[in-house]
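Colleague: Here is my input, please return the structure:
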Amino acid sequence: MELAWIYTASGVLINNLVLLVWKPWLGSYAGEKGKNLARQEDLERILTEVKAVTATQKEIESKISGEAWHAQWIMTERRNSYVSALVAFRTYIQRIDDHLDNGKIASDNRELAVAEINAASDELIKSIAISELFGGASFRLEMENAIRFAGDAARAPGGLKGLKDKVREIEDRLLAIARTDLKIDDAKAS
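Modeller: You can find the predicted model right below:
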């Protein structure tokens, strides 16, 4: 029995020595382990928040970029429609001036004259429809007035001859409407 008492005493002594040596190390190890675990949890939370903010930022950037692209596309199409309508108007006026006098075909080749006037008229109508889609109502109304003027002038004695100033005045009004709608400053445009 005496050996049991020695075994117990030596076990308690060894246990106390081990605890005495390991306790400071285990305490600091556990403390550092706890701090690292807390840092890792904080870091994961921060990363989650940063990812959410980044995703939201990318969505906003994408939306703004898409809206800016769409606005730029509309403005480009509007400009192209105005240019097309003005060119078609000038072509139409030129064909009328070339082929009509007093409302009648004055050209030697009647079929060619009719074909050219009809083609110019079709192009003018198409370009007006496109400018209605992208442009303003004031441009459309001015184009209608311009076409009416051209038709009236074509039926008048002498056709468009002598009315070049009036045609230029109509073109200037159309250009002014287009510049205003496109927000083009005359000083910057020239």
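Colleague: Next one: the residue nearest the centre of the chain from Lys63, what distance?
Modeller: Nearest residue to the geometric centre of the chain (C-alpha atoms, centre = their mean): Trp69, 1.6 Å. Using C-beta to C-beta, to the nearest Å, Trp69 is found at 11 Å from Lys63. C-beta here means a position set from N, CA and C on the backbone, and glycine is covered the same way.
Colleague: again with Arg78
Modeller: On the measure of C-beta to C-beta, Arg78 and Lys63 end up 22 Å apart.
Colleague: Neighbour count for the two, which is higher?
Modeller: More crowded of Arg78 and Lys63, by other C-beta atoms under 10 Å: Arg78, with 20 against 10.
Colleague: Spatially, which residue comes closest to that one, not counting chain neighbours?
Modeller: Phe134 (4.2 Å; C-beta to C-beta, 6 or more residues apart in numbering).
Colleague: List the contacts of that neighbour.
Modeller: Ile74, Glu77, Arg78, Ser81 (C-beta atoms under 8 Å, 6 or more residues apart in numbering).
Colleague: what separates the first one from Lys166, distance-wise?
Modeller: Put plainly, it is Ile74. On the measure of C-beta to C-beta, Ile74 and Lys166 end up 33 Å apart.
Colleague: Comparing those two, which residue is more hemmed in?
Modeller: Taking neighbours as other C-beta under 10 Å, Ile74 and Lys166 compare with Lys166 leading, 14 against 11.
Colleague: Going along the chain, name the helices of the chain.
Modeller: 2-99, 110-134, 137-155, 164-182, 186-189 (DSSP state H).
Colleague: By mean pLDDT, show me the worst of those helices.
Modeller: Mean pLDDT is lowest for helix 186-189 among those, at a mean of 56.
Colleague: count of neighbours near Ile93?
Modeller: 24.
Colleague: Provide the contact partners of stretch 59-68 at residue level.
Modeller: Under C-beta under 8 Å, 6+ apart, the answer for stretch 59-68 is an empty list.
Colleague: and Glu142, how many neighbours does it have?
Modeller: Counted with other C-beta under 10 Å, Glu142 comes out at 19.
Colleague: returning to what we had before: what's the distance between the residue nearest to the centre of the chain and Thr56?
Modeller: From Trp69 to Thr56 the distance is 20 Å (C-beta to C-beta).
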